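Chemist: got a predicted model here, sequence first, then my questions.
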Amino acid sequence: MQLNPFKMVSPETQKLLLGGLVGSLAYYADLAIADTMPAYPAQLKARLAPQLPRNDELLTTIATPAAMYVLGKKSKKLKEIAKGTMLYSVPRLIDRVIVNAMTPVATTASFRNVNASMNAFRPVAPVATPARTVASPATSVSAGKYR
Amino acid sequence: MVSKDIGMLIGAVATAGVDAGLEGYANINPAVKGQIPYTVIHPAIPPLNCWLADAGVPLALYAIGKVTKKSFFVDVAKGGAIYGFSELVGQTLYRVALVAQGMTPVSYTIRR
């Protein structure tokens, strides 16, 4: 009786499964680092839009299958693994967009908080008083052909 | 892409859709947190709704494929299983890492 799940499936499915695990581990490794590391960049925790996933989630779900696709062009084995990575990453991205779209309040709140924390580190330029370009009517002297 | 690959992609997206639907519903209605199927056995183990979506949907699709004897449904189930297995393994490792650091995942699923 075969109990090893990897040996119960065909070699092609094994490669797809391995690819899915590559995508999943890349995604969750990033989340674990983001949650445990205090110095994680705030830009990666921010969102481009409230209904979109965080920037680091976007990066891991798009860059990982893209990198695997480029590597897959070199060998046939890696091509199957890249296909498995896409089978995980594309639905994962859809999943995150649906969840964020269904939770507008929480997402918007975190979006605002992250952006507010980012603004705290931005240097604020001093507001300069604009130079007076138009003379006041009391002191102006009308002259010239446009009078 | 051949039809087999499209079938697998449909299965993976369907599984992810059910997962997202369950998680999104609980986020809209926080009162259901802690109730079935949003029960948490241990913080290091994914909650029941994740198991239902990531393991239940592919199994149901596989059963449909076997009963109707259509290989398309088996391919769809295979795609769902690849997504679901990877998701459950990744999420378990993530949760174990958080628990090992002395942190507890805040919500019933993953903190966002």
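Modeler: Received, thanks.
Chemist: contacts and neighbour counts: CA atoms only from here.
Modeler: OK.
Chemist: show me where chain A has helices.
Modeler: A:5-8, A:11-36, A:42-45, A:55-72, A:76-102, A:104-121 (DSSP state H).
Chemist: hmm, the third one in reach of chain B?
Modeler: Read it as helix A:42-45. No - for helix A:42-45 and chain B, the contact criterion (CA under 8 Å from any CA of the partner chain) is not met; the two come no nearer than 10.1 Å.
Chemist: for that helix, enumerate the helices and strands it packs against.
Modeler: Helices and strands touching helix A:42-45, by 3 or more CA pairs under 8 Å, 6 or more residues apart in numbering or on different chains; DSSP states H and E, are helix A:55-72, helix A:104-121.
Chemist: and those helices, which one's lowest on average pLDDT?
Modeler: Per-stretch mean pLDDT for these is lowest at helix A:104-121 (a mean of 47).
Chemist: what's the pLDDT at the closest residue to residue A:77 other than its chain neighbours?
Modeler: Excluding the flanking residues, the one nearest residue A:77 by CA to CA, 6 or more residues apart in numbering or on different chains is residue A:15, at 7.6 Å. Predicted confidence (pLDDT) for residue A:15: 92.
Chemist: which residues does residue A:15 contact?
Modeler: A:77, A:80, A:81, A:84 (CA atoms under 8 Å, 6 or more residues apart in numbering or on different chains).
Chemist: tell me the contacts of the second one?
Modeler: When contacts are counted by CA under 8 Å, 6+ apart, residue A:80 touches A:12, A:15, A:16, A:19, A:72.
Chemist: quick one: the second one and residue A:31, what's the gap?
Modeler: Using CA to CA, to the nearest Å, one gets 25 Å for the distance from residue A:15 to residue A:31.
Chemist: got phi/psi on residue 39?
Modeler: All of this is about chain A. Per-residue torsions, residue A:39: phi -90, psi 20 (degrees, to the nearest 10).
Chemist: chain B was what I was after
Modeler: The phi/psi pair for residue B:39 (degrees, to the nearest 10) reads phi -80, psi 140.
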